[in-house]
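Trainee: need a structure here:
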Amino acid sequence: MSLGHDKLSGGQGDFATLAASIKAWGQALGFDEVGISDIDLGDAEPGLLAWLDAGCHGEMDYMYKHGLKRSRPAELVPGTCRVISVRMSYLAQGESPHAILQCPGKAYVSRYALGRDYHKVLRSRLQRLADRISAETPHGYRVFVDSAPVMEVALAEKAGLGWRGKHTLLLSRQAGSFFFLGEIYTDLPLPLDVPKSGHCGDCSACIPACPTGAIVAPYRVDARRCISYLTIELKDAIPEEFRRPIGNRIYGCDDCQLVCPWNRFARSSFVSDFTPRHGLDGAGLVELFLWSKVNFEERMTGSPIYRIGYERWSRNIAVALGNAIGVPKAVAALESRRNDPSAMVREHVLWALRQHDILNPEAAV
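Mentor: Here you go, the predicted structure:
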């Protein structure tokens, strides 16, 4: 990372003007809020290390393979002295998430994954913001959107975009938590924004709301129990103890956010890329389970769901169908893939069929 601030020769006043411009440019690019922080994550590092030492990251080896670069930005990108953090709301108009969760025949997909891949959407806009800064003054930088060892919540908190809730997500008084975060690491010594105080108070609604008890303590999530981890990150069989609590959630989970009082203020997104595709905001489990691999790859190209692949997609839906007691054609759909080429899918299909045999021997097919 090279240093070059030739256009800003007037001192801190110029950097303050630039910071104000960066925020205006960011909002013009569709970001709801832009904040600036330093890179001192010394307060957050011990908690990260304790979380990793306890094995709470599960199979997410990438959480520790970069050593301390995650909590020390200048070790990841030498020369970094500031982080520009942004947030962008992603909620789209569609069927009520609460209604879908109460309908066992429908598939629940986490609200962030209904549209196009957010990595690409945010990254392209962050790159444009970084380029606009470069046009004003050369700077060394890197752009990140959930794509590298970055403590995005801790950085966004320092940048004044909100506070960490007890479910560990960032919360904003103006927008709840249904938003994406992104960062620009830069060598520009921009003025810092002031962190906001927390406003969870005595509320702990998110903790008992977790179907699998993954929020093991305030501000601590054991990923190994988290439905988002189980349906997205986990590459092997889903442990049987979690299959029934998963319900009809086939990709991710929003329960801790749905009960959060601050999400009364969650804002709908104006970004068309986040509009639900292929009816995923209310699709039927049977319909999705009968997709072929070709169907999956054609329809999920450009979606964050694509990364889990057809096998894990099928595994997840098989579990949900096992919980869809009394849903017409659920058993027939499972039977149609009893001899699936994937041993993992077959095992989950057989588990699902046993749920129907035990709990509802006369389930309609």
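Trainee: quick one, strands of the stretch 51-200 of the chain?
Mentor: Secondary structure of the stretch 51-200 of the chain (DSSP state E, counting those that start in this stretch): strands at 82-89, 108-109, 141-144, 163-164, 170-171, 179-186.
Trainee: Among the ones you listed, which comes closest to Ser269?
Mentor: strand 82-89 (4.7 Å; CB to CB). Where C-beta positions appear, they are placed from N, C-alpha and C, glycine not excepted.
Trainee: Paired strands for the closest one, with orientation please.
Mentor: Strand 82-89 pairs in its sheet with strand 33-37 (antiparallel), strand 179-186 (antiparallel), by DSSP bridges.
Trainee: next one: that strand to chain centre, how far?
Mentor: 15 Å (CA atoms, centre = their mean, to the nearest Å).
Trainee: now do stretch 100-116
Mentor: Per CA atoms, centre = their mean, the displacement of stretch 100-116 from the mean C-alpha position of its chain is 14 Å.
Trainee: Send me it as CSV with only the CA atoms.
Mentor: Extracted in CSV, the C-alpha atoms of stretch 100-116 (Å, rounded to 0.1, in the frame of the first residue of the first chain):
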residue,chain,number,x,y,z
ILE,A,100,-43.6,-18.5,6.1
LEU,A,101,-42.1,-19.9,9.3
GLN,A,102,-45.6,-20.9,10.4
CYS,A,103,-46.3,-22.8,7.1
PRO,A,104,-44.4,-26.1,7.2
GLY,A,105,-44.9,-26.7,3.5
LYS,A,106,-43.0,-23.5,2.5
ALA,A,107,-39.3,-23.0,2.5
TYR,A,108,-37.7,-20.3,4.6
VAL,A,109,-34.7,-18.6,3.1
SER,A,110,-32.9,-15.9,5.2
ARG,A,111,-34.0,-12.5,4.0
TYR,A,112,-30.5,-11.5,2.9
ALA,A,113,-30.3,-14.3,0.4
LEU,A,114,-33.5,-13.8,-1.6
GLY,A,115,-32.0,-11.7,-4.3
ARG,A,116,-28.6,-11.3,-6.0
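Trainee: mean confidence score for it?
Mentor: Mean pLDDT, stretch 100-116: 97.
Trainee: rewinding a little: please identify which of the strands of the stretch 51-200 of the chain is closest to Cys260.
Mentor: strand 170-171 (7.2 Å).
Trainee: Direction included, what does that closest one pair against?
Mentor: The strands that strand 170-171 pairs with in its sheet are strand 163-164 (antiparallel) (by DSSP bridges).
Trainee: Flag every buried residue along stretch 186-200.
Mentor: Thr186, Asp187, Leu188, Leu190, Asp193, Pro195, Lys196, Cys200 (16 or more other CB atoms under 10 Å).
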